[in-house]
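fold the following and give me the result.
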Amino acid sequence: MTTTVLKIEGMTCDHCVHTIQAALLRMRDVRNAVVNLADQKAVVTSGSELDMAEVARVVQAEGYKASLSLT
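Alright, predicted model coming up:
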């Protein structure tokens with residue numbers, strides 16, 4: 001299992017949180033995704049290392065921006 005912390009830009013409400021969480025959970029090999037509005041972050045648990053380009057595309061398709069969190 002791999003845990004990846006993402007910085008999410010553009011979230012303003014709980015609907016944003018649910019939209020991003022649902023999109024991440026639809027990704028192949030993602031086991032769990034917890035999105036936090038206050039921190040503007042998502043913690044994603046997957047069976048293997050995530051393809052960050054794919055993550056960025058999935059989140060961008062919903063109208064937000066995702067990048068690897070360095071903190």
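
now the strands for the protein?
Along the chain, counting by DSSP state E, strands occupy 2-9, 30-36, 41-46, 65-68.

state the mean pLDDT of the last one.
Taken as a whole, strand 65-68 has a mean pLDDT of 96.

and what of the first one?
pLDDT averaged over strand 2-9 equals 97, rounded to a whole number.

residues of that strand that come out buried?
Buried residues in strand 2-9, defined by neighbour count with 16 or more other C-beta atoms under 10 Å: 4, 6, 8. Yep, even glycine has a C-beta here, placed from its N, CA and C like the rest.

again with stretch 30-48
Applying 16+ other C-beta under 10 Å to stretch 30-48 flags 30, 33, 35, 40-44, 46 as buried.

for this protein, longest helix please?
helix 14-25 (DSSP state H).

M11 - nearest residue in space that isn't next to it in sequence?
Nearest non-adjacent residue to M11, counting by C-beta to C-beta, 6 or more residues apart in numbering: L37, 5.6 Å away.

look up how far A53 lies from that neighbour.
25 Å (C-beta to C-beta, to the nearest Å).

same thing with V17?
Distance from V17 to A53, by C-beta to C-beta: 23 Å.

neighbour-wise, which of these two wins?
A direct count of neighbours by other C-beta atoms under 10 Å for V17 and A53 places V17 higher, at 18 against 8.

hang on, the more buried one packs against V35?
Yes. If you go by C-beta atoms under 8 Å, V17 and V35 touch, sitting 4.6 Å apart.

got the contact list for the residue nearest the centre of the chain?
For the chain, the residue nearest the mean C-alpha position is A42 (4.8 Å; C-alpha atoms, centre = their mean). By C-beta atoms under 8 Å, 6 or more residues apart in numbering, A42 lies in contact with 5-6, 8, 20-21, 24, 33-36, 66.
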